[in-house]
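Undergrad: Here's my sequence, what's the structure:
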Amino acid sequence: MRCSYCERACDIQESQNGYCRMYRNSMGTITENYPDSYLNIYPVSSESIPMLHFYPNSIFLLLSTIGCNFTCEGCISEFQTIRKGTLQDILNHHTPDEILAIARGYACRGITFCLNEPTVSLPTFLKVAQAAKKEGFLVGCSSNGYMTEATLQMMLPYLDFVNIGLKGSTDERYRECGAVSAVPTYRNLKTLYDAGVAVEVSVMYLNGRELEVIGAAERISVISRSIPFQVMRFMATHENLEPIAPTRAQGEQLCADLRRYFDHVYLFNTCATTELDSRCPVCGKTIIHRVFFGPMAARVLSCPSDGKCSCGYHFPFRGEIDPIFEGEVQILGGYRSIMGMQFISKILGTLGVTDERVIDRICNTVIENGYISNF
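TA: Next comes the predicted model:
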């Protein structure tokens, strides 16, 4: 049987799994291995999805499963995408109604599938999305955009917003991540934009690969220069990857160069940068001030309630701007659960524990007993 969910189009033999290990051929039918099962469920702000022009400072319930149809070197989500051999043992089963009850408990505006690729859990995504829309919740996701056209058509009726994570602009770069071509992702991005979905893009920036980012900007600006363009400065997860991590200065210079293509360009994964701010393209003043809030995330520190600059320019956002959080921030951001697992792995390595099976078992225990969430 050939899987039709993503453009990998895996030819799956009977009782075997596809590339992402989330689907199998069961008696001539492609079935989901872990339906209605989640690794992460917690509240985040829209800026931690990240969506900077969609309901600024609002709360969404983040959902993630495991697995991915890409294999990107240095992936920040590696723990739950590439190294997921034992994670299925601690997935939590929730019905769509139970998910929505959790969302109501956190006073969320909507739900978002993040941290791993939603296409690898498409039936689960569609069930929750359909139930959420019926109850008036907003629905969206972060995705690499490598789904088939048929899959995207199944998702479109339920999508209010999407962050498309681009790996670059060339087929060569996409082959480095295990894909065949960049074409499907850019095709799907245009389909989403034309359908009226709120689209923002995040582009991975590797040291020495500036032309990949600029190439992406050139392709997207043809669709619209109003699309928010997020530069994801590569963060080295291992020491041997540090040479491909750009400096803050490099990231900020690249953002400056990209402003000839877009009205709003942002630099993520960078402490102490001012390039997370939304500035007025007319007078240059800061409209929304944001700071680094962990990998792939930002936090709003100041923002006018109406989104207007003092010169009269109106910041282009959809929805409403929620008030700034006062006191302790109850939402999480910056891939906190994944970073927690990476810290535990580093500590174990310092103690001489290098067996990945042992590391996975300890990390799984910490997730399952609720320590990470409580901490």
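Undergrad: show me what contacts the residue most central in space within the chain?
TA: For the chain, the residue nearest the mean C-alpha position is Ser142 (3.7 Å; Cα atoms, centre = their mean). Contact analysis of Ser142 by Cβ atoms under 8 Å, 6 or more residues apart in numbering lists 49-50, 112-115, 118, 162-163, 165, 202. The way it works is simple: take the backbone N, C-alpha and C, and place the C-beta from them, glycine included.
Undergrad: min pLDDT across those residues, which one?
TA: Ranked by pLDDT, the contacts of Ser142 bottom out at Leu115 (90).
Undergrad: Give me the phi and psi for the residue nearest to the centre of the chain.
TA: phi -110, psi 130 (degrees, to the nearest 10).
Undergrad: Against Cys114, how distant is it?
TA: 5 Å (Cβ to Cβ, to the nearest Å).
Undergrad: what do you get for Val231?
TA: 19 Å.
Undergrad: Please, which helix or strand holds Pro123?
TA: helix 122-134 (DSSP states H and E).
Undergrad: returning to what we had before: filter the contacts of Ser142 to the buried ones?
TA: Among those, those scoring as buried are 49-50, 112-115, 118, 162-163, 165, 202 (criterion: 16 or more other Cβ atoms under 10 Å).
Undergrad: Spit out the residues that contact Ser142 and Cys114 alike.
TA: Joint contacts of Ser142 and Cys114 (Cβ under 8 Å, 6+ apart) are Ile49.
Undergrad: mind checking the backbone torsions on Pro96?
TA: phi -60, psi -40.
Undergrad: Leu206 now?
TA: phi -100, psi 140.
Undergrad: who's in contact with it?
TA: Here Leu206 is in contact with 212, 234, 244-246 (Cβ under 8 Å, 6+ apart).
Undergrad: For the residue nearest to the centre of the chain, give its distance to Ile164.
TA: Ser142 is 8 Å from Ile164, by Cβ to Cβ.
Undergrad: Mind listing the shared neighbours of those two?
TA: Ser202.
Undergrad: one step back: what about the residue nearest to the centre of the chain, distance to Val199?
TA: For Ser142, the distance to Val199 - Cβ to Cβ - is 12 Å.
Undergrad: for Leu351, same thing?
TA: In this view, Leu351 and Val199 are 45 Å apart by Cβ to Cβ.
Undergrad: Next: Glu98.
TA: Relative to Val199, and taking Cβ to Cβ, Glu98 is found at 30 Å.
Undergrad: Same drill for the two, tell me which one is more crowded.
TA: Neighbours per residue (other Cβ atoms under 10 Å) separate Glu98 from Val199, with Val199 holding more: 28 against 14.
Undergrad: Return the residues in contact with the more buried one.
TA: 161-164, 189, 192-193, 227.
Undergrad: nearest to Val291, of those?
TA: Nearest to Val291 among the contacts of Val199, counting by Cβ to Cβ, is Asn163 at 19.1 Å.
Undergrad: Give me the secondary structure label for that closest one.
TA: strand (DSSP: H, G, I helix; E, B strand; the rest coil).
Undergrad: so where's the protein uncertain?
TA: For the chain, applying pLDDT under 70 flags the ranges 82-86, 327-332, 334, 373, 375.
Undergrad: rerun at 90
TA: 39-40, 42, 71-92, 235-241, 294-295, 324-346, 354-375 (pLDDT under 90).
Undergrad: mind listing the helices for it?
TA: Secondary structure of the chain (DSSP state H): helices located at 78-81, 96-105, 122-134, 149-155, 171-176, 183-194, 210-223, 248-258, 336-350, 356-368, 371-374.
Undergrad: list the buried ones in the last one?
TA: Going by neighbour count (16+ other Cβ under 10 Å), the buried part of helix 371-374 is Ile372.
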